[in-house]
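>>> I'd like to go over a predicted model; first the sequence, then the structure.
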Amino acid sequence: MKLATSSNALPERLRLETRALHAATERSGAMAALLAGRLPRPVYVQMMRNLHALYEALETALQVHGAAEAVAVLQAAPLARAPALAEDLALLHGPGWAEALPLVATTRQYVARLQALARAAPSEAAPPLVAHAYVRYLGDLHGGQVLQRLVGRHYGLGTDTGAPGTRFYDFGATPQVLALRQQLRAALGALPFDEAEQATVVAEACWAFEQHRSLFIELLPAG
């Protein structure tokens, strides 16, 4: 692999080339309703269940390929969300949430993709896994901080950082969140990806945003 020509090349490409898809995703289905403060609690809980399945598959794949340079840097910070989501679901739904709450078709397709990456060779898996980590974790570190207060207020869970039922959004105090954002962007910018590998990362990130949009629409169809 050849070093990228700029330490900011990949994060900037990702930001610019996924911007339209990112905006469309936020305006779709369950996410649009959540941001407007009108998503029914049962649909919110189902959305969290589906996201848990994504994180569980993603974080398993990241662990499998943890020795790969490009993947190792993504595990340097406390980014994992599956345990916090499980804790939230146990409070929001109660025991047996994994069996009681179904996965929609889009989630099953997404999980299958992540599981295939876990089985792939590290050199093949690393660029797509970087894309999925970018889509999820940087989103959590940005918009997720706004969602924590919105969710806590709308569902009566409390707006303090780490309030029960909102642990998914909790990365610590504001300085820690800002530091994690910087660390993740720096790690992405320092990855030794050549042009073709960067293109793979961007294409996979676009696919991931499209899947998220499909997921949100499937959870709460228009009308």
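Alright, I've got the coordinates.
>>> for the residue most central in space within the chain, helix, strand, or coil?
In the chain, the residue lying closest to the centroid (CA atoms, centre = their mean) is Arg136, at 1.8 Å. Recorded secondary structure, Arg136: helix (DSSP: H, G, I helix; E, B strand; the rest coil).
>>> Would you mind confirming that it is in contact with Tyr55?
Yes. Arg136 lies in contact with Tyr55 (CB atoms under 8 Å); the separation is 7.1 Å. Just so you know, the C-beta spots here come from the backbone N, C-alpha and C atoms, and that holds for glycine as well.
>>> what is in contact with the two at once?
Residues touching both Arg136 and Tyr55 (CB atoms under 8 Å, 6 or more residues apart in numbering) are Arg81.
>>> that older thread, excluding its backbone neighbours, what's nearest the residue nearest to the centre of the chain?
Leu58 (6.6 Å; CB to CB, 6 or more residues apart in numbering).
>>> which residues sit in contact with that neighbour?
For Leu58, the contact set (CB under 8 Å, 6+ apart) comprises Leu114, Leu129, His132, Ala133, Arg136.
>>> Please list the members of those residues that lie in strands.
Nothing among these maps onto strands, per DSSP state E.
>>> In helices only, show me the residues you listed.
Cross-referencing the contacts of Leu58 against helices under DSSP state H gives Leu114, Leu129, His132, Ala133.
>>> Just the helices from this protein, written as ranges.
According to DSSP H, the helices that the chain contains are 9-26, 29-35, 41-64, 69-72, 82-92, 97-100, 105-119, 122-133, 139-141, 143-154, 174-189, 195-219.
>>> export the ones you listed to CSV and tack on distance to Gly165 and mean pLDDT?
Below are these laid out as CSV (distance: least, CB to CB, whole Å; pLDDT from 0 to 100):
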stretch, distance to Gly165, mean pLDDT
helix 9-26, 22, 95
helix 29-35, 14, 96
helix 41-64, 10, 97
helix 69-72, 31, 87
helix 82-92, 5, 96
helix 97-100, 12, 96
helix 105-119, 21, 98
helix 122-133, 25, 95
helix 139-141, 16, 91
helix 143-154, 8, 89
helix 174-189, 19, 91
helix 195-219, 19, 97
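>>> in stretch 35-50, what counts as buried?
Using 16 or more other CB atoms under 10 Å as the test for burial, stretch 35-50 gives Leu39, Val43, Tyr44, Val45, Gln46, Met47, Met48, Arg49, Asn50.
>>> just curious, which of those is nearest to Leu10?
Set against Leu10, the nearest of the buried residues of stretch 35-50 by CB to CB is Asn50 (27.9 Å).
>>> hang on, the closest one packs against Leu219?
Yes. Using CB under 8 Å, Asn50 is in contact with Leu219, at 7.1 Å.
>>> Overlap of the contact sets of those two?
Joint contacts of Asn50 and Leu219 (CB under 8 Å, 6+ apart) are Val104.
>>> Relative to Val64, which of the ones in helices among the contacts of Leu58 is nearest.
Leu129 (9.4 Å).
>>> hmm, back to that, comparing the helices of the chain, which comes out most buried?
With neighbours taken as mean count of other CB atoms under 10 Å, these reach their highest mean count in helix 122-133, at a mean of 22.
>>> how distant is that helix from the center of its chain?
14 Å (CA atoms, centre = their mean, to the nearest Å).
>>> same thing with stretch 75-87?
Chain-centre distance of stretch 75-87: 11 Å, with CA atoms, centre = their mean.
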